[in-house]
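> Any chance you can model this:
(one chain, ligands or ions: 1)
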Amino acid sequence: MLKVHTLILGGGLTGLSGAYFLEQQARQGHAKSGDWLLVEREARLGGLTRTEVINGYHFDHTGHWLHLRHPQMQQFVQDVMGDAMVRVHRQSRIWSHGVLTQFPFQQNLHGLPLDVVHECVQAAIDAALAQARGELQPPTDFRDFCMQRFGRGITERFMVPYNTKLWGCPPEEITPDWCARFLPKPNLSQIVAGALGIVDDQAGYNASFVYPRQGGIESFAKGIIAHLPAEKIRLNTQPVAIDLAARTAELSDGTVVAWQEILSSVPLPDLLGLTKDLPDLVQTARSELRCTSLRYLSVGIAREKVLDSIQWLYVPEPKYPFYRLGSFSNAVPSLAPPGKSSLYVEVAAGATQSDDEVKASVRQFLREHDWLGDDAEVEVEEVRHIAYGYVVFDRNYFGARQTCLDYLQACKVASLGRYGGWVYASMEDAMWEGYGFAKNIEGLPL
Ligand SMILES: Cc1cc2nc3c(=O)[nH]c(=O)nc-3n(C[C@H](O)[C@H](O)[C@H](O)COP(=O)(O)OP(=O)(O)OC[C@H]3O[C@@H](n4cnc5c(N)ncnc54)[C@H](O)[C@@H]3O)c2cc1C
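Residues are numbered from 1 along each chain as shown. Coordinates of the predicted model:
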């Protein structure tokens, strides 16, 4: 039996960051920190932050732009990457009602057809007046939240169609709580200013981002891996059974590991499925965890500046089977061969169109904008899937998630990251959680 203090399950950014900071602490004399083993199911580390290279085009698993808020994480990236990162200013747009407008919709009504602008502004004024008169109850669901916050116009012209595509279910099934951080919430004055064309290009959480100069987002994962001892990492390996009472895990290579703590970024339902003797309450909670899977296209086009200078484009209208498409090479030109463009297209969760129909629809969309000529320009067009895409914040979400995580925590298992923690989270969140886990092992402050 192999004995380790920390068994790390999953080598995406959460697991890699945990390992990185444990290793750093070990070098500073914290012996317990250095005693870890990382187990990754795939042949390559990085999880969602891997980059596929096809015919010279680089494709991340859709857009992966790094937004950093915490000084510690900025330092982390600096320590790992030095000057190998570039800062890029956001160029995002929305395609709706036959025009391109600035993101976010609610703060950039200018340029939409005048009747749409009028309807949205009038409804936003009505909503603000209702709010000021104290007529509103706490919102019951995401649609209700949007109606109260932005009014019927913005809600029905953008929020409902876009979010229905993203979440694969009506916004009435989603709680309003998911959007606290990620949804820009302009006040009435900002909505009116945006309708007049007064642009605030800092709106939202992602006005600029950093990204590796070369090699796609995986270069960052590789930068972390370079600091980790290879003998503490097992690829193509996964746990087949976890005994939380005995604190042992049986691995697919036959090794039995005795552990003191687990840091897991394995999707929460999968992790619970591996554990023995799960209490009924936790079984029930596990069955209530809901998530979309994501189908997307990696597209390489032998043409410069497809999407002009836009890095990502929201497409809310139901007639298109995709909800967002973006260009890697418009953010960082080295991601496509010279004179060419690498793109991603994210397909709506509920889209019933076949892969071929989606591809045809994307080509048609690009042609209508003069971003594609002859079909021969399309040099790469691959459909991919992310099994766990977006955790769905339905009414069961908070209770079910908490029950699962509390149970695991009591058994010394920290289930963290986007799917381990069952959240809507960014790369920085994953890094931060790995960092926090490592600090916690030694009782060190963040
Ligand atoms: C479509 C999409 C776009 C995104 N865009 C951005 C963006 O622009 N900016 C941003 O900051 N964030 C973005 N994110 C979020 C970001 O990708 C995640 O928050 C972050 O990468 C999660 O890291 P993780 O380690 O928690 O999970 P993962 O990257 O999923 O890593 C989990 C690892 O566990 C492994 N694993 C799974 N099961 C097992 C098992 N049974 N045994 C062993 N190993 C296992 C997996 O192979 C994987 O390597 C996006 C996410 C998605 C889905």
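> C-alpha coordinates for stretch 138-158, CSV please?
This file holds the C-alpha atoms of stretch 138-158, laid out as CSV (Å, rounded to 0.1, in the frame of the first residue of the first chain):
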residue,chain,number,x,y,z
PRO,A,138,-37.5,39.3,-4.1
PRO,A,139,-37.1,37.7,-7.6
THR,A,140,-38.2,34.1,-7.8
ASP,A,141,-36.1,33.0,-10.8
PHE,A,142,-33.6,34.3,-13.3
ARG,A,143,-36.3,35.7,-15.7
ASP,A,144,-38.0,37.5,-12.8
PHE,A,145,-34.6,38.9,-11.8
CYS,A,146,-34.0,40.3,-15.3
MET,A,147,-37.5,41.7,-15.5
GLN,A,148,-37.0,43.6,-12.2
ARG,A,149,-33.5,44.7,-12.9
PHE,A,150,-33.6,45.6,-16.6
GLY,A,151,-37.3,45.6,-17.6
ARG,A,152,-39.2,43.5,-20.2
GLY,A,153,-37.3,44.8,-23.3
ILE,A,154,-33.8,43.8,-22.4
THR,A,155,-35.1,40.6,-20.8
GLU,A,156,-37.0,39.4,-23.8
ARG,A,157,-34.7,40.8,-26.5
PHE,A,158,-31.5,39.3,-25.0
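> Show me which parts of it are buried, residue by residue.
By neighbour count on 16 or more other CB atoms under 10 Å, the buried set for stretch 138-158 is 139, 141-158. C-beta here means a position set from N, CA and C on the backbone, and glycine is covered the same way.
> just checking, which of those residues belong to helices?
Phe142, Arg143, Asp144, Phe145, Cys146, Met147, Gln148, Arg149, Phe150, Arg152, Gly153, Ile154 (DSSP state H).
> and which of the residues you listed is nearest the ligand?
Proximity of those to the ligand was ranked by CB to the nearest ligand atom; the top entry is Phe142 with 19.2 Å.
> circling back to that earlier point, which two of the ones in helices among the buried residues of stretch 138-158 have the greatest separation?
Using CB to CB, these span at most 16.5 Å, a distance reached by Phe142 and Gly153.
> Isn't Asn236 up against Leu45?
No: using CB atoms under 8 Å, Asn236 is not in contact with Leu45, being 11.2 Å away.
> higher neighbour count, the two?
Neighbour comparison, Asn236 and Leu45: the larger count goes to Leu45, with 24 against 12 (by other CB atoms under 10 Å).
> What about the closest residue to the more buried one other than its chain neighbours, how many residues nearby?
Nearest non-adjacent residue to Leu45, counting by CB to CB, 6 or more residues apart in numbering: Gly11, 3.9 Å away. By the criterion of other CB under 10 Å, Gly11 has 27 neighbours.
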